[in-house]
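Asker: Generate a structure from the sequence data that follows.
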Amino acid sequence: MQLVINTRGAYLKKEKNCFLVKNDDKTFEVSADKVDSILITTAATITTDAIEFAVENNIDIVFLNHFGDPYGRVWHSKLGSTTLIRRRQLEAEATIVGFNLARGWIAQKIENQLDFLKDLKKNRPDDYDILAPNIAKIGQLKEDILSMKGSLNEKRGSIMGTEGMASLTYFEALNSIMPETWKFNGRSRDPAQDAFNCLLNYGYGVLYSQVEKACIIAGLDPYMGFLHTDNYNKKSFVFDLIEIFRIHIDRTVINLFSKKQVHEGLFDKIPGGLYMNKDGKAVLITAVNETLDKDIDYNGRNVKIRNTIQMECHSIANSLIK
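Answerer: A predicted model of the protein is given here:
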(Lines give C-alpha, C1' and ligand atoms only; values in the text may rest on other atoms or scores of the structure.)
Protein backbone atom coordinates (compact mmCIF):
# COMPACT_ATOMS: atom_id res chain seq x y z
CA MET A 1 0.00 0.00 0.00
CA GLN A 2 0.95 3.64 -0.33
CA LEU A 3 0.95 5.58 2.94
CA VAL A 4 -0.35 9.07 2.13
CA ILE A 5 0.31 12.06 4.40
CA ASN A 6 -1.97 14.89 3.24
CA THR A 7 -2.96 16.63 6.48
CA ARG A 8 -1.11 19.85 7.27
CA GLY A 9 0.88 19.48 10.50
CA ALA A 10 0.86 15.68 10.45
CA TYR A 11 3.68 13.89 12.28
CA LEU A 12 5.34 10.66 11.11
CA LYS A 13 7.76 8.64 13.24
CA LYS A 14 8.95 5.08 13.80
CA GLU A 15 7.29 3.04 16.56
CA LYS A 16 8.80 -0.44 16.94
CA ASN A 17 8.23 -2.13 13.55
CA CYS A 18 5.59 0.35 12.45
CA PHE A 19 5.15 3.87 11.18
CA LEU A 20 3.15 6.00 13.60
CA VAL A 21 1.13 8.84 12.08
CA LYS A 22 -0.34 11.62 14.20
CA ASN A 23 -2.58 14.47 13.08
CA ASP A 24 -5.29 16.64 14.57
CA ASP A 25 -7.98 14.03 14.04
CA LYS A 26 -6.38 10.71 14.91
CA THR A 27 -3.31 8.59 15.58
CA PHE A 28 -2.69 5.28 13.84
CA GLU A 29 0.05 2.74 13.19
CA VAL A 30 0.95 1.02 9.91
CA SER A 31 3.27 -1.99 9.73
CA ALA A 32 6.31 -1.49 7.49
CA ASP A 33 5.49 -4.84 5.84
CA LYS A 34 2.34 -3.28 4.40
CA VAL A 35 3.93 -0.09 3.01
CA ASP A 36 5.43 0.15 -0.48
CA SER A 37 5.95 3.92 -0.50
CA ILE A 38 5.17 7.06 1.50
CA LEU A 39 3.61 10.04 -0.26
CA ILE A 40 3.78 13.43 1.49
CA THR A 41 1.62 16.09 -0.15
CA THR A 42 1.55 18.86 2.44
CA ALA A 43 3.50 20.48 5.28
CA ALA A 44 4.35 17.64 7.66
CA THR A 45 7.03 16.51 10.10
CA ILE A 46 8.97 13.26 9.65
CA THR A 47 11.65 12.02 12.04
CA THR A 48 15.08 10.81 10.96
CA ASP A 49 14.27 7.47 12.61
CA ALA A 50 11.29 7.10 10.28
CA ILE A 51 13.44 8.01 7.27
CA GLU A 52 16.11 5.46 8.22
CA PHE A 53 13.41 2.85 8.85
CA ALA A 54 11.92 3.48 5.40
CA VAL A 55 15.32 3.22 3.70
CA GLU A 56 16.10 -0.05 5.49
CA ASN A 57 12.81 -1.50 4.22
CA ASN A 58 13.20 -0.26 0.61
CA ILE A 59 10.30 2.16 1.08
CA ASP A 60 10.73 5.37 -0.86
CA ILE A 61 9.45 8.69 0.49
CA VAL A 62 8.09 11.04 -2.19
CA PHE A 63 7.25 14.72 -1.73
CA LEU A 64 4.69 16.38 -4.04
CA ASN A 65 4.05 20.10 -4.47
CA HIS A 66 0.62 21.80 -4.84
CA PHE A 67 0.38 20.75 -8.49
CA GLY A 68 1.25 17.10 -7.90
CA ASP A 69 4.80 17.35 -9.25
CA PRO A 70 7.40 15.37 -7.28
CA TYR A 71 10.03 17.80 -6.01
CA GLY A 72 12.06 15.33 -3.97
CA ARG A 73 12.36 11.78 -2.72
CA VAL A 74 14.30 9.81 -0.14
CA TRP A 75 15.71 6.53 -1.42
CA HIS A 76 18.70 4.38 -0.58
CA SER A 77 21.95 5.23 -2.37
CA LYS A 78 22.55 1.81 -3.95
CA LEU A 79 22.20 1.25 -7.69
CA GLY A 80 19.14 -0.81 -8.57
CA SER A 81 21.16 -3.22 -10.68
CA THR A 82 24.31 -3.63 -12.73
CA THR A 83 25.89 -0.54 -14.29
CA LEU A 84 25.95 -2.47 -17.58
CA ILE A 85 22.24 -1.68 -17.99
CA ARG A 86 22.97 2.05 -17.95
CA ARG A 87 25.82 1.62 -20.43
CA ARG A 88 23.52 -0.26 -22.80
CA GLN A 89 20.78 2.33 -22.29
CA LEU A 90 23.17 5.06 -23.42
CA GLU A 91 24.28 3.04 -26.44
CA ALA A 92 20.71 2.10 -27.43
CA GLU A 93 19.62 5.70 -28.00
CA ALA A 94 21.78 5.84 -31.15
CA THR A 95 20.71 2.45 -32.54
CA ILE A 96 17.64 0.75 -33.95
CA VAL A 97 17.02 -0.69 -30.48
CA GLY A 98 16.32 2.77 -29.08
CA PHE A 99 14.21 3.74 -32.08
CA ASN A 100 12.05 0.63 -31.79
CA LEU A 101 11.57 1.08 -28.05
CA ALA A 102 10.61 4.76 -28.34
CA ARG A 103 8.28 4.19 -31.29
CA GLY A 104 6.71 1.26 -29.45
CA TRP A 105 5.99 3.33 -26.33
CA ILE A 106 4.16 5.99 -28.33
CA ALA A 107 2.27 3.39 -30.35
CA GLN A 108 1.20 1.73 -27.09
CA LYS A 109 0.11 5.07 -25.64
CA ILE A 110 -2.05 5.77 -28.69
CA GLU A 111 -3.45 2.22 -28.61
CA ASN A 112 -4.41 2.76 -24.94
CA GLN A 113 -6.19 5.99 -25.90
CA LEU A 114 -8.04 4.21 -28.70
CA ASP A 115 -9.17 1.40 -26.38
CA PHE A 116 -10.49 3.93 -23.87
CA LEU A 117 -12.43 5.90 -26.48
CA LYS A 118 -13.86 2.66 -27.88
CA ASP A 119 -15.00 1.67 -24.40
CA LEU A 120 -16.65 5.08 -23.98
CA LYS A 121 -18.34 4.77 -27.38
CA LYS A 122 -19.71 1.33 -26.47
CA ASN A 123 -21.04 2.51 -23.11
CA ARG A 124 -22.36 5.86 -24.39
CA PRO A 125 -24.39 5.15 -27.54
CA ASP A 126 -25.62 8.74 -27.62
CA ASP A 127 -22.03 9.90 -28.16
CA TYR A 128 -21.29 7.49 -31.01
CA ASP A 129 -21.35 10.15 -33.74
CA ILE A 130 -19.04 12.39 -31.71
CA LEU A 131 -16.47 9.75 -30.81
CA ALA A 132 -16.33 7.70 -34.02
CA PRO A 133 -14.49 10.33 -36.18
CA ASN A 134 -11.95 10.92 -33.43
CA ILE A 135 -11.32 7.20 -33.09
CA ALA A 136 -10.78 6.89 -36.83
CA LYS A 137 -8.34 9.81 -36.88
CA ILE A 138 -6.32 8.51 -33.93
CA GLY A 139 -6.25 5.04 -35.50
CA GLN A 140 -4.64 6.48 -38.61
CA LEU A 141 -2.08 8.36 -36.53
CA LYS A 142 -1.16 5.11 -34.81
CA GLU A 143 -0.55 3.52 -38.21
CA ASP A 144 1.62 6.50 -39.14
CA ILE A 145 3.75 5.88 -36.05
CA LEU A 146 4.13 2.17 -36.77
CA SER A 147 5.14 2.81 -40.39
CA MET A 148 8.03 5.12 -39.43
CA LYS A 149 11.53 3.85 -40.07
CA GLY A 150 14.97 5.33 -39.48
CA SER A 151 16.83 6.54 -36.42
CA LEU A 152 15.74 8.57 -33.42
CA ASN A 153 17.79 11.53 -34.57
CA GLU A 154 15.96 11.48 -37.89
CA LYS A 155 12.45 10.67 -36.66
CA ARG A 156 12.25 12.09 -33.12
CA GLY A 157 10.39 15.20 -34.29
CA SER A 158 7.99 13.17 -36.45
CA ILE A 159 7.21 10.75 -33.62
CA MET A 160 6.60 13.55 -31.12
CA GLY A 161 4.56 15.55 -33.62
CA THR A 162 2.32 12.60 -34.46
CA GLU A 163 1.90 11.80 -30.77
CA GLY A 164 0.93 15.44 -30.18
CA MET A 165 -1.76 15.31 -32.86
CA ALA A 166 -3.14 12.07 -31.42
CA SER A 167 -3.27 13.57 -27.92
CA LEU A 168 -4.96 16.73 -29.18
CA THR A 169 -7.65 14.66 -30.89
CA TYR A 170 -7.97 12.39 -27.85
CA PHE A 171 -8.56 15.22 -25.39
CA GLU A 172 -11.00 16.90 -27.78
CA ALA A 173 -12.95 13.63 -27.74
CA LEU A 174 -12.89 13.46 -23.92
CA ASN A 175 -14.02 17.06 -23.65
CA SER A 176 -16.93 16.38 -25.98
CA ILE A 177 -18.45 13.88 -23.53
CA MET A 178 -17.88 15.91 -20.37
CA PRO A 179 -20.84 17.55 -18.60
CA GLU A 180 -21.18 21.19 -19.62
CA THR A 181 -20.07 22.38 -16.17
CA TRP A 182 -16.76 20.55 -16.41
CA LYS A 183 -15.74 21.10 -20.03
CA PHE A 184 -12.12 22.17 -20.59
CA ASN A 185 -10.18 23.92 -23.32
CA GLY A 186 -7.28 21.56 -24.04
CA ARG A 187 -4.45 20.67 -21.70
CA SER A 188 -3.18 23.18 -19.14
CA ARG A 189 -0.45 22.85 -16.52
CA ASP A 190 1.06 24.66 -13.53
CA PRO A 191 -1.48 25.90 -12.76
CA ALA A 192 -4.35 24.02 -14.35
CA GLN A 193 -7.09 26.20 -15.76
CA ASP A 194 -9.93 23.82 -14.90
CA ALA A 195 -10.91 20.92 -12.66
CA PHE A 196 -10.25 18.22 -15.27
CA ASN A 197 -6.65 19.30 -15.84
CA CYS A 198 -6.14 19.87 -12.12
CA LEU A 199 -7.05 16.25 -11.38
CA LEU A 200 -5.15 14.92 -14.37
CA ASN A 201 -1.94 16.80 -13.57
CA TYR A 202 -1.90 15.68 -9.95
CA GLY A 203 -2.61 12.10 -10.95
CA TYR A 204 0.25 12.18 -13.43
CA GLY A 205 2.50 13.46 -10.64
CA VAL A 206 1.63 10.46 -8.46
CA LEU A 207 2.23 8.16 -11.45
CA TYR A 208 5.52 9.89 -12.25
CA SER A 209 6.91 8.95 -8.84
CA GLN A 210 5.92 5.31 -9.40
CA VAL A 211 7.66 5.19 -12.79
CA GLU A 212 10.83 6.83 -11.46
CA LYS A 213 11.02 4.31 -8.61
CA ALA A 214 10.55 1.41 -11.03
CA CYS A 215 13.36 2.72 -13.25
CA ILE A 216 15.75 2.96 -10.30
CA ILE A 217 14.95 -0.56 -9.07
CA ALA A 218 15.41 -2.01 -12.57
CA GLY A 219 18.78 -0.29 -12.96
CA LEU A 220 17.64 2.16 -15.67
CA ASP A 221 18.88 5.74 -15.64
CA PRO A 222 15.89 8.10 -15.13
CA TYR A 223 17.80 10.95 -16.80
CA MET A 224 18.87 9.16 -19.99
CA GLY A 225 15.90 9.61 -22.33
CA PHE A 226 15.29 8.50 -25.89
CA LEU A 227 12.42 10.70 -27.06
CA HIS A 228 12.71 13.43 -24.45
CA THR A 229 16.15 14.88 -24.95
CA ASP A 230 18.77 15.73 -22.35
CA ASN A 231 18.33 18.80 -20.21
CA TYR A 232 19.73 19.90 -16.87
CA ASN A 233 18.15 17.84 -14.06
CA LYS A 234 15.42 16.58 -16.42
CA LYS A 235 14.46 12.94 -15.86
CA SER A 236 13.95 12.37 -19.57
CA PHE A 237 13.62 8.59 -19.45
CA VAL A 238 10.81 8.84 -16.89
CA PHE A 239 8.99 11.23 -19.26
CA ASP A 240 9.49 8.67 -22.06
CA LEU A 241 8.22 5.69 -20.13
CA ILE A 242 5.30 7.31 -18.33
CA GLU A 243 3.51 7.63 -21.68
CA ILE A 244 2.37 4.00 -21.70
CA PHE A 245 0.89 4.29 -18.20
CA ARG A 246 -0.93 7.63 -18.41
CA ILE A 247 -4.12 5.86 -19.48
CA HIS A 248 -4.65 4.57 -15.93
CA ILE A 249 -4.88 8.14 -14.66
CA ASP A 250 -7.10 9.20 -17.59
CA ARG A 251 -9.59 6.44 -16.85
CA THR A 252 -9.53 7.21 -13.12
CA VAL A 253 -10.26 10.92 -13.62
CA ILE A 254 -13.05 10.37 -16.15
CA ASN A 255 -14.55 7.78 -13.80
CA LEU A 256 -14.62 10.33 -10.96
CA PHE A 257 -16.63 12.72 -13.15
CA SER A 258 -18.92 9.91 -14.35
CA LYS A 259 -19.69 8.94 -10.74
CA LYS A 260 -20.32 12.60 -9.84
CA GLN A 261 -17.59 12.55 -7.19
CA VAL A 262 -16.09 15.83 -8.40
CA HIS A 263 -17.37 19.13 -6.99
CA GLU A 264 -16.07 22.66 -6.62
CA GLY A 265 -15.20 22.12 -2.96
CA LEU A 266 -12.22 19.96 -3.99
CA PHE A 267 -10.36 22.92 -5.49
CA ASP A 268 -8.96 26.26 -4.38
CA LYS A 269 -8.44 29.19 -6.70
CA ILE A 270 -4.94 30.61 -7.09
CA PRO A 271 -3.65 33.33 -9.41
CA GLY A 272 -4.01 32.00 -12.94
CA GLY A 273 -5.86 28.79 -12.16
CA LEU A 274 -6.72 26.08 -9.62
CA TYR A 275 -5.05 23.60 -7.38
CA MET A 276 -6.49 20.76 -5.31
CA ASN A 277 -7.05 21.24 -1.61
CA LYS A 278 -6.80 18.57 1.07
CA ASP A 279 -10.22 17.10 0.26
CA GLY A 280 -9.44 17.01 -3.44
CA LYS A 281 -6.14 15.23 -2.90
CA ALA A 282 -7.83 12.65 -0.66
CA VAL A 283 -10.48 11.87 -3.31
CA LEU A 284 -8.00 11.62 -6.17
CA ILE A 285 -5.19 9.75 -4.43
CA THR A 286 -7.66 7.21 -3.03
CA ALA A 287 -9.08 6.65 -6.53
CA VAL A 288 -5.61 6.41 -8.10
CA ASN A 289 -4.46 3.84 -5.54
CA GLU A 290 -7.62 1.82 -6.10
CA THR A 291 -6.85 1.84 -9.83
CA LEU A 292 -3.21 0.85 -9.36
CA ASP A 293 -4.27 -2.05 -7.12
CA LYS A 294 -6.59 -3.52 -9.78
CA ASP A 295 -5.59 -6.75 -11.53
CA ILE A 296 -5.18 -6.69 -15.31
CA ASP A 297 -3.94 -9.21 -17.85
CA TYR A 298 -0.21 -8.71 -18.38
CA ASN A 299 1.50 -11.21 -20.67
CA GLY A 300 -1.04 -13.87 -19.77
CA ARG A 301 -0.95 -13.26 -16.02
CA ASN A 302 -3.22 -11.38 -13.63
CA VAL A 303 -1.03 -8.61 -12.23
CA LYS A 304 -1.77 -5.45 -10.26
CA ILE A 305 -1.42 -2.36 -12.43
CA ARG A 306 1.23 -0.85 -10.12
CA ASN A 307 3.31 -4.04 -10.49
CA THR A 308 3.16 -3.89 -14.29
CA ILE A 309 5.17 -0.66 -14.10
CA GLN A 310 8.02 -2.45 -12.37
CA MET A 311 7.73 -5.48 -14.64
CA GLU A 312 7.86 -3.28 -17.74
CA CYS A 313 11.03 -1.58 -16.49
CA HIS A 314 12.67 -4.94 -15.79
CA SER A 315 11.65 -6.10 -19.26
CA ILE A 316 13.28 -3.05 -20.86
CA ALA A 317 16.44 -3.51 -18.78
CA ASN A 318 16.65 -7.19 -19.73
CA SER A 319 16.15 -6.37 -23.42
CA LEU A 320 19.09 -3.96 -23.28
CA ILE A 321 21.56 -6.55 -21.94
CA LYS A 322 20.23 -9.77 -23.44
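
Asker: For R103, give its distance to N299.
Answerer: Relative to N299, R103 is positioned 20 Å away (C-beta to C-beta, to the nearest Å). Heads up, the C-betas are built off the backbone N, CA and C, glycines and all.

Asker: Please identify which of those two sits among more neighbours.
Answerer: The neighbour count for R103 versus N299, taken as other C-beta atoms under 10 Å, is higher for R103 (23 against 8).

Asker: Pop the domain breakdown of this structure in here.
Answerer: Listed domain ranges for the chain are 2-64, 83-321 (source: automatic domain parsing).

Asker: where among the ones you listed is the average confidence lowest?
Answerer: Averaged per stretch, pLDDT over the domains of the chain is lowest on domain 2-64, reaching a mean of 89.

Asker: Spatially central residue in the chain, please.
Answerer: Of all residues in the chain, the one closest to the mean position by C-alpha atoms, centre = their mean is L207, 2.5 Å from it.

Asker: check contacts around it.
Answerer: The contact partners of L207, by C-beta atoms under 8 Å, 6 or more residues apart in numbering, come to I242, F245, R246, H248, I249, V288.

Asker: Let's see which of the residues you listed end up in helices.
Answerer: When helices are assigned by DSSP state H, the members of these inside them are R246, H248, I249, V288.

Asker: Adding distance to I96 as columns, could you present these in CSV?
Answerer: As requested, the ones in helices among the contacts of L207 are exported to CSV (distance: C-beta to C-beta, whole Å):
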residue, distance to I96
R246, 26
H248, 29
I249, 31
V288, 36
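
Asker: Export those to CSV and append columns for neighbour count.
Answerer: CSV is the format used below for the ones in helices among the contacts of L207 (neighbours: other C-beta atoms under 10 Å):
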residue, neighbour count
R246, 19
H248, 22
I249, 25
V288, 25
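
Asker: Give me the neighbour count for the closest residue to D49 other than its chain neighbours.
Answerer: Spatial nearest neighbour of D49, excluding adjacent residues (C-beta to C-beta, 6 or more residues apart in numbering): K14 at 4.3 Å. A count of nearby residues for K14, using other C-beta under 10 Å, gives 19.

Asker: Then H76?
Answerer: By the measure other C-beta under 10 Å, the count of residues near H76 is 14.

Asker: Could you find the closest non-adjacent residue to it?
Answerer: Leaving out its chain neighbours, the residue that sits closest to H76 by C-beta to C-beta, 6+ apart is V55, at 4.9 Å.

Asker: again, but for F67
Answerer: The nearest residue in space to F67 (C-beta to C-beta, 6+ apart) is D190, at 5.3 Å.

Asker: re earlier: return the closest of the ones in helices among the contacts of L207 with respect to D194.
Answerer: I249 (16.0 Å; C-beta to C-beta).

Asker: Report the contact partners of that closest one.
Answerer: Contacts for I249 (C-beta under 8 Å, 6+ apart) come out as L200, G203, Y204, V206, L207, V288, T291.

Asker: Check R88 too.
Answerer: Taking C-beta under 8 Å, 6+ apart as the criterion, R88 is in contact with L320, I321.

Asker: Relative to G98, how far out is it?
Answerer: In terms of C-beta to C-beta, R88 sits 10 Å off from G98.

Asker: Quick check: which helices or strands does the helix or strand harbouring Y71 pack against?
Answerer: Here Y71 sits within strand 70-74, counting by DSSP states H and E. Applying 3 or more C-beta pairs under 8 Å, 6 or more residues apart in numbering; DSSP states H and E, we find strand 70-74 packed against helix 48-56, strand 60-64, helix 195-218.

Asker: got the residue ranges for the helices in the stretch 101-250 of the chain?
Answerer: Under the criterion DSSP state H, counting those that start in this stretch, helices of the stretch 101-250 of the chain are mapped to 128-147, 152-177, 195-218, 236-241, 246-258.

Asker: Switch the domains of the chain over to a markdown table; also include distance to P70.
Answerer: Conversion of the domains of the chain to a markdown table gives the following (distance: least, C-beta to C-beta, whole Å):
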| stretch | distance to P70 |
| --- | --- |
| domain 2-64 | 6 |
| domain 83-321 | 5 |
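
Asker: Among these, which comes closest to V74?
Answerer: That would be, of these and by C-beta to C-beta, domain 2-64, which comes in at 4.1 Å.

Asker: How far away from the center of its chain is the closest one?
Answerer: Its chain's average C-alpha position is 22 Å from that of domain 2-64, according to C-alpha atoms, centre = their mean, to the nearest Å.

Asker: same question, stretch 125-139
Answerer: Relative to where its chain is centred, stretch 125-139 has its mean C-alpha point 26 Å off (C-alpha atoms, centre = their mean).
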